[in-house]
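Undergrad: Sequence first, predicted coordinates after that:
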Amino acid sequence: MHNRSFNSLALVFCILVCATLLASQEATKSPLHLIQTISIPNVKGRLDHMEVDAHGQRLFLAGLENGTFEVVDLRTGKWTRSIPGFKKPQGAVYVAEFNKLFLASGDDGMVRVFRADTLQLLDSLQFELGPNRIVYEPNSKLIYVGYGGKDAGKDYGEVGIIDAKTDKHIGDIKVAAHPSELLLNKSGTTLFVFISIANRLQVVDTGKREVISTWPISSQKPGDAAFDESTSRLFIGTRAPAEMIVMDSKSGKEVAHFPAPEGQDGVYFDGARKRVYVSGGRELPTGFVYVYQQKSADQYENIGKIPTRGGAGTSFWSPELNRYYVAAPANDHDKDKEDALILVYAPVD
């Protein structure tokens, strides 16, 4: 009887220990799991925006100080080629239906159009200085690109409109200053234009091609943002202080503020999991991704602070591939030199 009691107590103890360990693991489980690193050779300096061709499984990366766009094969996990000839390359957008890749560069005022499969140059569109953010609206087949402002020696900015089928610059929308971010609603009727230097958001009616609302942003230097249309919430990354601001997209009212990583340079919304990813670390010795779980339109919880690498501010979320990409610049220290990297993360449910 004594042995039976002892064995029973031992079994209960083991069950309790296992349950505690499992609960602890669940509590500390990271919402993002690093599954791969992809080396990008011979690219120096700051890395900027990324774009993904989900069908062809290619990633395009702006080597801002390198004057190149880098091409990565995501199937093999290898860098494949570099596209040179840009001055301050930044925005990129892939348009599958026309088999085109639009690449913007600020210091030469260019938007270049490439055949997406062969990367043959098709057209070059000259703007004033500053082309940066670039987005595609599939209903109207139009490209929107932010440019102008102080980069062009003007006290206002512009959003250029490009016909994606003909590659023609067909119009402009005047905004307060150089756009730092552009977001569209699903119908393409509303364009949100974030103005970092003026700490404000301007709402554009794309049919009228004019600003219909201007809203202040309480923190300074809003740089990147994401949109959850299902709850009418904008997620705005700011740099001074480093915050993630939740804003009502219908009224411009700020409904929540959360600490974000310093050197913020990427904000994305994972609609399937109702999560916001904010990456930071630009020009800093350490980098992080903060992950926020949306409980309701106005309720959020920080569920993870994932370390990345120094300088790794820029990121990209691909819902089609279910992957989150972080760009880490090369480490040029004499004792510990490392190539630039793409850090590939899989979300954990």
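TA: Nice, thanks for sending it over. Residues are numbered from 1 along each chain as shown.

Undergrad: just for this protein, where's the confidence low?
TA: When residues are selected by pLDDT under 70, those of the chain lie in 1-28, 333-336.

Undergrad: Going by residue numbers, what spans are helices in it?
TA: For the chain, the helices defined by DSSP state H cover 2-28.

Undergrad: Hmm, L47 and L59 touching each other?
TA: No: between L59 and L47 there is no contact under Cβ atoms under 8 Å: 11.7 Å. To be clear about C-beta, it is placed using only N, CA and C from the backbone, and glycine gets the same treatment.

Undergrad: now the strands for the stretch 151-300 of the chain?
TA: Using DSSP state E, counting those that start in this stretch, the strands of the stretch 151-300 of the chain run over residues 157-163, 168-175, 181-184, 190-195, 200-205, 210-216, 220-228, 233-240, 242-248, 254-259, 264-270, 275-280, 288-296, 299-307.

Undergrad: List the pairing partners of the third one within its sheet, with orientation.
TA: When you say that, I think you mean strand 181-184. Strand 181-184 pairs in its sheet with strand 190-195 (antiparallel), by DSSP bridges.

Undergrad: next one: the last one
TA: Sheet partners assigned to strand 299-307 using DSSP bridges are listed as strand 288-296 (antiparallel).

Undergrad: And Q57, its phi and psi?
TA: Q57 adopts backbone torsions of phi 50, psi 60, taken as degrees, to the nearest 10.

Undergrad: meant to ask about S30
TA: phi -80, psi 140.

Undergrad: For it, grab the count of nearby residues.
TA: With neighbours defined by other Cβ atoms under 10 Å, the count for S30 comes to 15.

Undergrad: tell me the contacts of the residue lying closest to it once chain neighbours are set aside?
TA: Taking Cβ to Cβ, 6 or more residues apart in numbering, and ignoring the residues beside it in sequence, S30 has G304 as its nearest neighbour in space, at 5.5 Å. Counting by Cβ atoms under 8 Å, 6 or more residues apart in numbering, G304 makes contact with S30, P31, L32, V289, Y290, V291.

Undergrad: and if you look at E338?
TA: Applying Cβ under 8 Å, 6+ apart, the residues contacting E338 are A330, N331.

Undergrad: List the beta-bridge partners for it.
TA: N331.

Undergrad: Wait, M247 touches K253, no?
TA: Yes: assessed by Cβ under 8 Å, M247 is found in contact with K253 at 6.8 Å.

Undergrad: higher neighbour count, the two?
TA: M247 (24 against 10).

Undergrad: Counting neighbours, which of the contacts of G304 end up buried?
TA: P31, L32, V289, Y290, V291 (16 or more other Cβ atoms under 10 Å).

Undergrad: which one is the second one nearest to, not counting chain neighbours?
TA: With Cβ to Cβ, 6+ apart as the measure, Y345 is the residue that lies nearest to L32, at 4.2 Å, once sequence neighbours are left out.

Undergrad: so the one you found makes contact with S30?
TA: No: between Y345 and S30 there is no contact under Cβ under 8 Å: 9.1 Å.

Undergrad: so can I have a markdown table of the buried ones among the contacts of G304 showing distance to A54?
TA: What follows is those, written out as a markdown table (distance: Cβ to Cβ, whole Å):
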| residue | distance to A54 |
| --- | --- |
| P31 | 22 |
| L32 | 19 |
| V289 | 21 |
| Y290 | 25 |
| V291 | 22 |
